[in-house]
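In: Here is my input; please provide its structure:
(2 chains)
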Amino acid sequence: MDKKQIADILAEIADLLELNNENAFRVRAYQNAARALEASSISLGPKTTANQLTSIKGIGKSIAEQILALIQEGELDHHQKLIQDTPPGLREMLKIPTLGPKKIHYIYHKLDIDNISELELACQENRLAGLPNFGPKTQANILKGIQSVKKFSESFLYADIFEQAYALLDQIKGHSKVKKADIAGSMRRKKEIIGDVDIVAATKHPEELMDFFVSLDQSAEIIAKGDTKSSMKLDSGINVDIRAVKPHQYPYALHHFTGSKEHNTAMRAMSKKMGIKINEYGLFKNGKRIPCSNEHDFFQVFSMDYIPPELRENHGEIEAAKNGKLPRLVTQEDIKGLFHIHTNFSDGNMTIQKACQHLKEMGMHYAGFSEHSKTAAYAGGLKEESMKDYLSEIEKIQKKLGDFTLFKGIESDILPNGDLDYSDAVLRRFDFVIIAIHSHFNMSQKEMTQRMIKAMQNPHATILAHPSGRILLARDPYQVDIMQIIDAAAENDVDLEINANPHRLDLDWRMTKYARDKKIKVFINPDAHHLQNLHDYTYGVNMARKGWLEAADVANTMTSRQMQKYLDHKKGRKK
DNA sequence: GCCGTTTTCGGCCCGACTGTTTTCAGTCG
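Out: From the prediction side, this is the model:
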């Protein structure tokens, strides 16, 4: 049982306890432990000790013992008992907006309703209205919430929401009474998956702004409207929340609504010890507001460096900011060239020449082309006999483009037994070899991990592509021990990819800090098939930033000349 | 259940909004 599975069980215990009306702090302890475990760099195995576990902040004696039991037994009596005592449908019901654990608990015990279908029927039959604290509106809202769960997933890809969100922001900013406005929340933190959009605005006339907001064309449904806070659903199904504050409150509100919840909680706990209260309206010492004109001032009050929004996940950023140990995060401008590009030699929809021209216009200095390999027949992978044409086309374009460098590569499939699908003689002809899994996803974790490690041991392997294979909101990662993969990458001088396709964003940002500590270089690769995809690298930069990477950690921040040398040396070392 | 710059007990972040009440509970972020 791996770390993620154990963290999921802890989170499930938290849900189940909550549904059983357990002490809220005990519930939170399990939630915190689940997060802390997942974010930790600890490797779980038969040799894991209780001391190692309790050294993680948020994991104490009791939960450490439960984790050890899960490692050794694969299950936990306490957990099993909770599952037995709690109908599975109750947990599903938690997904219904406006319906929380308290109401679910009550409905279950009073009306014996334990799943969404029964609840829907009960609402339609008007059986909820009239219960204490339940009225017709509560019932109608639950019914609406059920429809919403059925119709929309509650999660959206960052890239799918990004443009709508900023278009909306522009309209808010354009309102004559708005002094300042920004996107906050998970979108400002550049999370790969977004639940809703949060907008913070500074104005002296909040009611006018609320009226304006709910009248916008994009609104499909008004969820709530108050004096300073409103919420609406767009046609795409995503919720947008807006919050208006007075101009002098803006920096505090921006910090507050940017979150994460865990970051805010940790900040408040810390500030409370210093006798300072944090809320969205200010920092208060002895009831007196501490003036801040921006977020830099805000952090300075606590003698902290400015924490970029991407890092505000309570993954160690608060301590690092206090000690001057925050990374200087890589930026879009640091990226000098792009690798992992497919053209019409396999399943791409652009010529090599077009791709180069486009990249030059984007200000890039080099490109690494990597067609699919022969096993990827579905993608028109390159057969050995077409190899010559492909390589000579790259050479031809290179001659035309003096100041732009082309690197010759291939994306070679990792076969089920861990071999690559070309011989050494073929692989030797490339400047770099990306290795990747595109088939036989359903292997045991042990087999899959071994398969990938064996492939990384191939002396021609340069970069491991999309290490987990996940497709966000669509396909789970394959069963693989990512930490072992990262360890093997370090041992075998293989770099890791952050695949910047917004559906992948793989390597996961939660793991990049661990890779950085192992001194592994990361390539931010667009995995482009169309000219437009080349711009996706920016999503990869977002992930690198969330994962604490600096420019020096990212390979494609090198100049052309440095990259040429880097790849040559890598080949030389591995001979 | 976790934790300790008021350490082994007694706290544990804070406030807006909704719908239910007639002062508050629940949910959400």
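In: what about whatever residue of the stretch 101-250 of chain A ends up closest to DNA strand B, neighbour count?
Out: Per Cβ to the nearest atom of the strand, A:Gly135 is where the stretch 101-250 of chain A lies closest to DNA strand B, at 2.0 Å. (Each C-beta comes from the backbone N, C-alpha and C, glycine too.) The local packing of A:Gly135 (other Cβ atoms under 10 Å) involves 12 other residues.
In: so where's chain A shaky on pLDDT?
Out: Counting by pLDDT under 70, the low-confidence segments of chain A come to A:152-154, A:377-379, A:474, A:575.
In: Give me the domain ranges for it.
Out: A:3-151, A:159-322, A:332-573 (automatic domain parsing).
In: Check the gap between the most centrally placed residue in chain A and A:Arg504 for me.
Out: What sits nearest the mean C-alpha location of chain A, by Cα atoms, centre = their mean, is A:Glu192, with 3.7 Å. Computed as Cβ to Cβ, to the nearest Å, the A:Glu192 to A:Arg504 distance reads 9 Å.
In: Just name the most buried of the domains of chain A.
Out: With neighbours defined as mean count of other Cβ atoms under 10 Å, the domains of chain A peak in mean count at domain A:332-573, which reaches a mean of 19.
In: how long is that domain end to end?
Out: 30 Å (Cα to Cα, to the nearest Å).
In: Same check on stretch A:407-424?
Out: End-to-end distance of stretch A:407-424 (Cα to Cα): 18 Å.
In: And stretch A:539-559, by the same measure?
Out: Here stretch A:539-559 reaches across 21 Å from its first residue to its last, counting by Cα to Cα.
In: Return the residues of the stretch 51-200 of chain A in contact with DNA strand B.
Out: Residues of the stretch 51-200 of chain A lying near DNA strand B by Cβ under 7 Å from any atom of the strand: A:54, A:56-64, A:96-104, A:106, A:129, A:132-139, A:141, A:185, A:195-196, A:198.
In: cool, the stretch 201-350 of chain A as well?
Out: The interface of the stretch 201-350 of chain A toward DNA strand B, taken as Cβ under 7 Å from any atom of the strand, is made up of A:224-229, A:239, A:241, A:257, A:259, A:261, A:264-265, A:268-269, A:272-273, A:277-281.
In: Looking at these, which are in strands?
Out: In strands, defined here by DSSP state E, the members of these are A:224-225, A:229, A:239, A:241, A:277-279.
In: Adding distance to A:Asn314, write those out as CSV.
Out: As requested, those are arranged in CSV below (distance: Cβ to Cβ, whole Å):
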residue, distance to A:Asn314
A:Ala224, 28
A:Lys225, 32
A:Lys229, 25
A:Asn239, 24
A:Asp241, 21
A:Lys277, 19
A:Ile278, 14
A:Asn279, 18
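In: re earlier: and the residues of the stretch 51-200 of chain A next to DNA strand B, which of them are in strands?
Out: Members of these lying in strands (criterion: DSSP E): A:196, A:198.
In: Now, the residues of the stretch 51-200 of chain A next to DNA strand B that are in helices?
Out: Members of those lying in helices (criterion: DSSP state H): A:54, A:61-64, A:101-104, A:106, A:136-139, A:141, A:185.
In: And the furthest pair within the residues you listed?
Out: For these, the maximum inter-member distance is 50.1 Å, found between A:Thr54 and A:Pro136 (Cβ to Cβ).
In: which phi and psi does the closest residue to DNA strand B within the stretch 301-450 of chain A have?
Out: DNA strand B sits closest to A:Lys322 of the stretch 301-450 of chain A, with a gap of 9.4 Å, by Cβ to the nearest atom of the strand. Dihedral pair for A:Lys322: phi -70, psi -30, per degrees, to the nearest 10.
In: was I right about it contacting A:Phe299?
Out: No: under the criterion of Cβ atoms under 8 Å, A:Lys322 makes no contact with A:Phe299, lying 9.5 Å away.
In: any idea how far A:Gln84 lies from A:Asn20?
Out: Between A:Gln84 and A:Asn20 the computed distance is 12 Å (Cβ to Cβ).
In: coming back round to it: any shared contact partners between A:Glu192 and A:Arg504?
Out: A:Leu472 (Cβ atoms under 8 Å, 6 or more residues apart in numbering).
In: before we move on, back to that, now for the residue of the stretch 301-450 of chain A closest to DNA strand B: which residues touch it?
Out: Counting by Cβ under 8 Å, 6+ apart, A:Lys322 makes contact with A:302-304.
In: now do 7 Å
Out: Applying Cβ atoms under 7 Å, 6 or more residues apart in numbering to A:Lys322 gives the contacts A:303-304.
In: Show me where the stretch 451-575 of chain A has its helices.
Out: Along the stretch 451-575 of chain A, counting by DSSP state H, counting those that start in this stretch, helices occupy A:482-491, A:509-517, A:537-546, A:560-574.
In: want to throw those into CSV with distance to A:Ala552?
Out: Output for these, formatted as CSV (distance: least, Cβ to Cβ, whole Å):
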stretch, distance to A:Ala552
helix A:482-491, 16
helix A:509-517, 10
helix A:537-546, 12
helix A:560-574, 11
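In: Make a markdown table out of those and add distance to DNA strand B.
Out: Putting the helices of the stretch 451-575 of chain A into a markdown table (distance: least, Cβ to the nearest atom of the strand, whole Å) gives the following:
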| stretch | distance to DNA strand B |
| --- | --- |
| helix A:482-491 | 22 |
| helix A:509-517 | 19 |
| helix A:537-546 | 18 |
| helix A:560-574 | 42 |
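In: residue at max distance from the center of chain A?
Out: Per Cα atoms, centre = their mean, the residue of chain A sitting farthest from its centre is A:Gly130 (42.6 Å).
In: how much space between that residue and A:His109?
Out: A:Gly130 sits 16 Å away from A:His109, going by Cβ to Cβ.
In: Since that was my last question, I'll sign off now.
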